Structures are given as structure tokens and as C-alpha cells.
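Enquirer: pasting a predicted model and its sequence here:
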Amino acid sequence: MAEENLELSLLCTESNVDDEGMIVDETPIEISIPQMGFSQSESEEIIMEMVEKEKQHLPSDDYIKRLRSGDLDLNVGRRDALNWIWKACEVHQFGPLCFCLAMNYLDRFLSVHDLPSGKGWILQLLAVACLSLAAKIEETEVPMLIDLQVGDPQFVFEAKSVQRMELLVLNRLKWRLRAITPCSYIRYFLRKMSKCDQEPSNTLISRSLQVIASTTKGIDFLEFRPSEVAAAVALSVSGELQRVHFDNSSFSPLFSLLQKPGFH
């Protein structure tokens with residue numbers, strides 16, 4: 001389906017959604033995608049490759065500037081959407097990586113696609129679609145779309161509306177859903193900041209993921225690359241819970257890569 005037809009079909013669903021929300025029977029989407037996790041080898045080569053590729057999973061370069069200048073009138077809407085995603089993740093007991101993925105999809109989509117003005121429902125629909133896609137990638141159990149919409153939303157969307165938005169998001173993100181986020185690096189940086197490259201404890205990892213998820217909702221964090229955010233969080237959390245062993249030489253290749261032109 002062409003993008004224009006996707007958008008037309010999506011906008012046509014507005015007549016099916018009123019202030020009270022219309023709920024109908026739905027069929028869950030079945031998508032088999034490998035689960036993201038921390039089991040793969042995190043060698044220096046893999047980390048370097050991730051750093052080189054992470055820019056492919058970031059919002060457009062002018063996104064934060066447009067948010068701050070008001071060219072994109074989305075600050076409040078983005079905040080509300082992320083707050084709802086956060087609340088839904090808590091209710092469904094989704095992990096921090098699921099939240100970070102949904103936030104990544106939301107920001108990347110908004111940076112390349114102009115939403116119609118004056119249609120507040122469409123940003124809520126986008127939030128539901130982004131969380132649904134993230135849950136299908138990261139979580140082992142994904143609720144039906146009607147059950148995903150927790151809290152007290154102004155609108156409750158039928159499955160076909162969410163599915164259309166999911167397809168539009170996939171199209172605009174070029175199907176790149178296995179995004180590199182700060183969570184992707186956290187085990188590596190925690191290990192590097194321990195003595196003798198010790199494997200980080202579950203407590204350290206859990207605390208770091210919670211910090212990443214809870215602090216990166218602000219637009220100021222969009223200025224930094226995922227690897228930079230992960231390094232800062234790992235240093236902070238390691239300092240809270242243990243003595244930090246920091247060896248500059250172990251980070252030299254990574255620092256050299258980050259300092260190359262075009263990496264900021």
C-alpha cells in the first residue's frame with residue numbers, strides 16, 4: 001500500500017472515534033521477531049559497530065531544534081504520549097527496554113512525519129502503536145490491543161486503526177525496529193567501570209535501566225547519542241552502588257570513534 005493511501009485510510013478512521021471512544025472486537029496481530037536482550041557477546045568490535053550504526057536509529061538532526069523553537073507544536077503532546085506509554089508499561093509490567101524502544105519509535109516518527117494539526121487523538125493513536133510495536137519485539141507476552149490501552153485515555157481505538165498506524169510507523173521508520181538505545185550498551189559500560197572487567201550484577205543492570213527509562217523522556221537528552229547516555233548512566237549508577245574503576249585506556253577506541261567528524 002502506498003504511503004499516501006496509508007495516511008488517507010488512517011485519517012478516515014477519525015469518524016469512528018468520538019470523545020467517549022468506540023470499542024469493537026479485535027484480532028491480535030501475530031508478528032514473530034527475535035527478542036532483544038543482553039545475551040550476545042559484547043566484544044569491542046560489536047560495540048564499535050553499534051556506535052557506528054546508532055545514528056541510523058536516531059530522530060532527524062533538526063528534530064530537537066524544531067521542538068525547542070516551536071516549529072513542531074508537540075512538546076505537550078509528546079510529554080503526554082510518553083507519560084501514557086510509561087504508565088502502560090508499569091501496568092503491563094513491561095521492562096525499561098520496551099519503554100525506550102517505544103520512545104525511540106515515537107521520536108523518530110515525529111521527526112520525519114508531520115501530523116495533522118488540531119487532531120489530538122492522532123498522537124494518542126501513535127503512542128499506542130509505538131508501544132504495541134515495542135512490546136512485540138521486547139516482551140514475551142503482549143496483550144490484545146484493546147487491553148493495551150490502559151488508564152483513562154480520552155480515546156480508545158479499535159484494532160484496525162492501531163494496525164494502520166503501526167504500518168505507517170513501520171513505513172516511515174523503514175522497518176528498522178531493532179533500534180540501538182542506551183539500554184543496548186549498559187552492560188558493556190558497567191563492566192568496563194568495574195575492577196578487572198567483572199560482569200555487572202543484576203542490581204546494577206536493573207538500576208541503570210530504570211535510570212535510563214526515567215530520565216531520557218526530556219527533550220534535552222535528544223542532544224546525546226545512545227552510547228553517550230549509557231556511559232553517563234553507567235558511571236553514575238556505578239558510583240552509587242560500588243567503587244568505580246575507570247581506566248581511560250580501555251575506552252580509547254570508543255572515544256576516538258565518538259570524536260570523529262559527523263558523530264554529533
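Expert: On my side now, so go ahead.
Enquirer: hmm, A127 is touching K87, no?
Expert: No - here A127 lies out of contact with K87, judged by C-beta atoms under 8 Å, at a distance of 10.5 Å. For every residue, glycine as well, the C-beta is placed using N, CA and C.
Enquirer: which of these two has more residues huddled nearby?
Expert: Neighbours per residue (other C-beta atoms under 10 Å) separate A127 from K87, with A127 holding more: 26 against 14.
Enquirer: quick one: the more buried one and N104, what's the gap?
Expert: 13 Å (C-beta to C-beta, to the nearest Å).
Enquirer: now do W121
Expert: Separation of W121 from N104 (C-beta to C-beta) stands at 22 Å.
Enquirer: the two: which has the busier surroundings?
Expert: Set side by side, W121 and N104 show more neighbours around N104, with 25 against 18, by other C-beta under 10 Å.
Enquirer: may I have the strand or helix carrying E52 exported as PDB, CA atoms only?
Expert: Per DSSP states H and E: E52 is located in helix 44-53. What follows is helix 44-53, C-alpha atoms only, in PDB (Å, rounded to 0.1, in the frame of the first residue of the first chain):
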ATOM      1  CA  GLU A  44      34.900  -4.400  21.500                       C
ATOM      2  CA  GLU A  45      34.200  -5.000  17.800                       C
ATOM      3  CA  ILE A  46      30.500  -5.400  18.300                       C
ATOM      4  CA  ILE A  47      30.300  -2.200  20.400                       C
ATOM      5  CA  MET A  48      32.200  -0.200  17.800                       C
ATOM      6  CA  GLU A  49      29.800  -1.500  15.100                       C
ATOM      7  CA  MET A  50      26.900  -0.400  17.200                       C
ATOM      8  CA  VAL A  51      28.300   3.000  17.800                       C
ATOM      9  CA  GLU A  52      28.800   3.400  14.000                       C
ATOM     10  CA  LYS A  53      25.200   2.300  13.300                       C
END
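Enquirer: and that helix, how far out from the chain middle?
Expert: In this view, helix 44-53 has its centroid 19 Å away from the chain centroid, taken as C-alpha atoms, centre = their mean, to the nearest Å.
Enquirer: just checking, what packs against that helix?
Expert: helix 248-258 (3 or more C-beta pairs under 8 Å, 6 or more residues apart in numbering; DSSP states H and E).
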